[in-house]
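# Requesting a structural model of the entry that follows:
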Amino acid sequence: MQAPPFDEVRRQCAAAIESAELRDVASALARAGVDEAQGHRFVAEISEHDARVRDRLVAVRSAIGSAAGSLERLLLLRSAVQALDRVPQLPVSEDVKRLFCESFHYMAAPPDGVTFNAARDSFVALCKVASLRRFPAGQYHWEISGLPRSWVLKVSGRDRLTLMWWIATKLKGFAPICFIHLNAHRKNRFVLTERESERSYFRVAQALALQPHLKGLVTSSWLNSPDTFAISPHLAWINRTFVENGGFVATMGPAEPDCGVLARSPERTQAYQAGTFTPTLGLVVWPREAMLAWAAAHPELGHKPARVLRARKEIALDAVAGHAR
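Numbers count the residues shown, from 1 in each chain. Model (predicted):
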């Protein structure tokens, strides 16, 4: 596998920052009294769960009269340039370091029609990547987090007792764990595949191997709920790797109908409207030892043919050259 192209991506980000569009934004920020350090704080502190930073960022954008997405892109790129000095030392695989470079390239030369918006969770996700709080793994990303203790109470019946036993004996604590999230900026946003999911899990497992304090993987989504599979059996593969390789899956309370569970699914929408489907959240716990054993049995997930990687890199660099022109 080729080394991550840190120097090339650093040049791409710097060139984008020096574009006429973003120089104008930088000048407007300076006149408004927002220096680079404050910009870095915006990116490092923004969160899906606290609207205050987002609101301040939207207010700054309005005050300087920035075009849609330009302020957000400038802040992302400035933080990405700073992050590039730290990525080589991260305790993750070379593959994940390459994916960081791909993410920063995406910020430097976003596809046509892509606009970054501080009001959206997808922008928060990019901020977390740029501030090294979220790790790209392909179809999924992960963050170092913990399993909230309140979630135990959301699991009912015997599954609650089973979950408590798993936390005590297999996960061996509530934190730190790798919490995975679907990558909103993946190459094909409307398709999930089992193989690409497994590639993401493998990359997380490599991080576990390099960081002995991490206890395993946790996730929660309507996509992981057995109730979803009852209406959409074609999605049942999503939990298969966990269930067949030492993981635990339970149902954890209701999911909001606007969480995405009804999007692009006439079957789930019809069942929900008929009262025969109540969206719920699934909870997945995959302990460290089980995950590492699975990864050891699937080394083929750790690489792609060099010819494919070279082709992808050439396409990416050509796209940047075209954008610069």
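# Check the chain and tell me which residue is nearest its centre.
His141 (3.2 Å; CA atoms, centre = their mean).
# Tell me where this protein is predicted with low confidence.
The chain contains residues with pLDDT under 70 at 1, 303-325.
# how about 90 then?
1-4, 49-50, 66-68, 112-114, 119, 186-191, 264, 302-325 (pLDDT under 90).
# can you list the domain ranges for it.
1-129, 137-303 (automatic domain parsing).
# okay, stretch 161-169 in CSV with CA atoms only?
Only the C-alpha atoms of stretch 161-169 are listed here, as CSV (Å, rounded to 0.1, in the frame of the first residue of the first chain):
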residue,chain,number,x,y,z
LEU,A,161,-29.7,-8.2,32.2
THR,A,162,-27.7,-9.7,29.3
LEU,A,163,-26.4,-6.3,28.4
MET,A,164,-25.3,-5.6,32.0
TRP,A,165,-23.5,-9.0,32.0
TRP,A,166,-21.8,-8.2,28.7
ILE,A,167,-20.6,-4.8,29.9
ALA,A,168,-19.2,-6.3,33.0
THR,A,169,-17.5,-9.5,31.6
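# If we ignore the residues flanking it in sequence, what's nearest Phe277?
Spatial nearest neighbour of Phe277, chain neighbours left out: Ala271 (3.5 Å); criterion: CB to CB, 6 or more residues apart in numbering. For glycine as for every other residue, the C-beta is placed from the backbone atoms N, C-alpha and C.
# That neighbour contacts Pro279, doesn't it?
No: Ala271 lies out of contact with Pro279 (CB atoms under 8 Å); the separation is 9.8 Å.
# any idea how far Asn239 is from the residue nearest to Phe277?
As defined by CB to CB, to the nearest Å, Ala271 lies at a distance of 20 Å from Asn239.
# same thing with Gly33?
50 Å.
# Equivalent analysis for Gly253, please.
For Gly253 relative to Asn239 (CB to CB), the value is 17 Å.
# Equivalent analysis for Arg10, please.
Arg10 is 40 Å from Asn239, where distance means CB to CB.
# And for Leu84?
For Leu84, the distance to Asn239 (CB to CB) stands at 36 Å.
# Tell me which residues touch the nearest residue to Leu210 once chain neighbours are set aside, please.
Closest residue in space to Leu210, ignoring its immediate chain neighbours: Pro91 at 4.2 Å, by CB to CB, 6+ apart. Applying CB atoms under 8 Å, 6 or more residues apart in numbering, one finds that Pro91 lies in contact with Ala207, Leu210, Gln211.
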